[in-house]
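1. coords please:
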Amino acid sequence: MSAYKSIKQLSLLLSENKIDVYFGYFLKPVLFGGLAAWLAKVPKRIGMIEGLGQLFTDSENGSSLKQLLLRKIFSIQFKFIATKLDYLIVLNKDDKDTLSKFSPSANIQVLGGIGVDLEEFPYVPLEPREITRFIFIGRLLKEKGINYFLEAAELIKKDFSNAEFHILGTVDLTAKNTINTALLAKLIKNDVVLHKGYVNNVSEYLASSSVFVLPSYYREGVPRSTQEAMATGRAVITTDSVGCKDTVVNGYNGYLVEKFNSIDLAEKMKLFLTNLDRAALMGINGRKLAEDRFDASNINKRLMGYIYD
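-> Numbering: from 1, shown residues only. Below is the predicted model of the structure:
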């Protein structure tokens, strides 16, 4: 079905059901659904973009020609649709700045994160232990920085036998940007990393970890996994990049590292290996930040405020 037909059908559906509020979540529901809601004269139209994703994610080599072309197409669509929304909600200021260039008159609001259930991810004190356990949670794709996590783990294991590296997430062999499977297999065989695959008890794994690591260069909104780690009381190492940097006050609840830099990542990991008390203190600070910035109950109230203003 073409985009035109989809928009037309959705517009008719919204009109027939006399919808009062349209809330589009992610890029296509914002662009196509927002247009359909405007055509249907829905009284309140709201869009939410959690992150600019693959389209705005640059590799070490910069932007591809295809990306630049698609961004141009997106900017034209967005410039028209954004002004038809009462609110467009994003999670970080960088996304607001980027989108405002395409449509300066759009009413773009920064939410700051979708939040985390602080009861589902309760604070768990980091007890003294001989093993320092670093954990990666997420899709095992290059953009999430998993290959840099593997490289850093291999570097550290040469000098620190008390370091463990746990990976939660499935391998998608159909994805062009999947993890370096050869390196993963080698490191598993050599007892450098432990790959747990998909799990449904993430909170338990976080509680048993020492430090959460996300070396992502993906165009994040505000990573949910990092918020969950902070709520649990775990120090965070992540990149000084869009979305990720909004979760860490450098030196307070963790460290920011350069994108595409496994050596910098390894050096920051070593700071915890030589002083686990640092991880415990930063974990306490992280919980405070989670309570102040990422409490889902407070964020949900703010979201509802846009609907009932």
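
2. And the pLDDT at Met1?
-> At Met1, the predicted lDDT confidence score is 58.

3. how distant is stretch 94-101 from the center of its chain?
-> 17 Å (CA atoms, centre = their mean, to the nearest Å).

4. I meant to write stretch 158-168 there.
-> In terms of CA atoms, centre = their mean, the centre of stretch 158-168 is found 24 Å from the chain centre.

5. what do you get for stretch 127-135?
-> For stretch 127-135, the distance from its own C-alpha centre to the chain's C-alpha centre is 25 Å (CA atoms, centre = their mean).

6. Report the buried residues of it.
-> Burial within stretch 127-135, assessed by neighbour count using 16 or more other CB atoms under 10 Å, is assigned to Thr132, Arg133, Phe134, Ile135. Yep, even glycine has a C-beta here, placed from its N, CA and C like the rest.

7. In those residues, find the pair that's most separated.
-> Pairwise distances across those (CB to CB) peak at 10.7 Å, for the pair Thr132 and Ile135.

8. Heading C-terminal from the lowest-mean-pLDDT helix or strand in the chain, find the next helix or strand.
-> None of the helices or strands of the chain scores lower by mean pLDDT, DSSP states H and E than helix 27-28, at a mean of 91. Next in sequence after helix 27-28, counting helices and strands by DSSP states H and E, comes helix 34-39.

9. Tell me the gap between that next one and the middle of its chain.
-> Centroid separation for helix 34-39 versus its chain: 28 Å, with CA atoms, centre = their mean.

10. Now tell me what touches whichever helix or strand comes after it from outside.
-> Next helix or strand after helix 34-39 toward the C-terminus (DSSP H and E): strand 44-49. Contact with strand 44-49 is made by 20-27, 29-30, 33-34, 37-38, 81-82, 84-90, 95, 99, 111, 221, 306-307, as judged by CB atoms under 8 Å, 6 or more residues apart in numbering.

11. Return the members of the residues you listed classed as buried.
-> Among those, the ones that count as buried by 16+ other CB under 10 Å are 22-24, 27, 29-30, 33-34, 37-38, 81-82, 85-90, 95, 99, 111, 221, 306.

12. Give me the pLDDT for Gly34.
-> Per-residue pLDDT puts Gly34 at 97.

13. which element is the closest residue to it other than its chain neighbours on?
-> Once flanking residues are discounted, Gly34 sits nearest to Ile81: 4.8 Å by CB to CB, 6 or more residues apart in numbering. Ile81 belongs to helix 65-82 when elements are defined using DSSP H and E.

14. and the helix or strand following that helix, which strands flank it?
-> Counting by DSSP H and E, the element after helix 65-82 in chain order, helix or strand, is strand 87-90. In the sheet, strand 87-90 lines up against strand 44-49 (parallel), strand 108-110 (parallel) (DSSP bridges).

15. Show the average pLDDT along the first one.
-> Pointing back at strand 44-49 there. Across strand 44-49, the average pLDDT comes to 97.

16. quick revisit: overlap in contacts of Thr132 and Ile135?
-> Val211.

17. show me what contacts the nearest residue to Pro125 once chain neighbours are set aside?
-> In space, and not counting its chain neighbours, Pro125 is closest to Gly233: 6.6 Å by CB to CB, 6+ apart. Neighbour list for Gly233: Tyr123, Val124, Pro125, Leu126, Gly283, Ile284, Gly286, Arg287 [criterion: CB under 8 Å, 6+ apart].

18. what's the closest non-adjacent residue to the fourth one?
-> When the adjacent residues along the chain are set aside, Leu126 lies closest to Ala280, with 4.3 Å between them (CB to CB, 6+ apart).

19. likewise Asn177?
-> Asn177 sits nearest to Lys142 (CB to CB, 6+ apart), 4.6 Å away.

20. cool, Glu291 as well?
-> Excluding its sequence neighbours, the residue lying closest to Glu291 (CB to CB, 6+ apart) is Leu118, at 6.6 Å.

21. What degree of burial does that neighbour show, as a neighbour count?
-> Here the count is done by other CB atoms under 10 Å, and Leu118 has 20 residues near it.

22. what's the answer for the one 3 residues further on, then?
-> By the measure other CB under 10 Å, the count of residues near Phe121 is 23.

23. Make sure I have this right: it is in a strand.
-> No - Phe121 is assigned coil when assessed by DSSP: H, G, I helix; E, B strand; the rest coil, not a strand.
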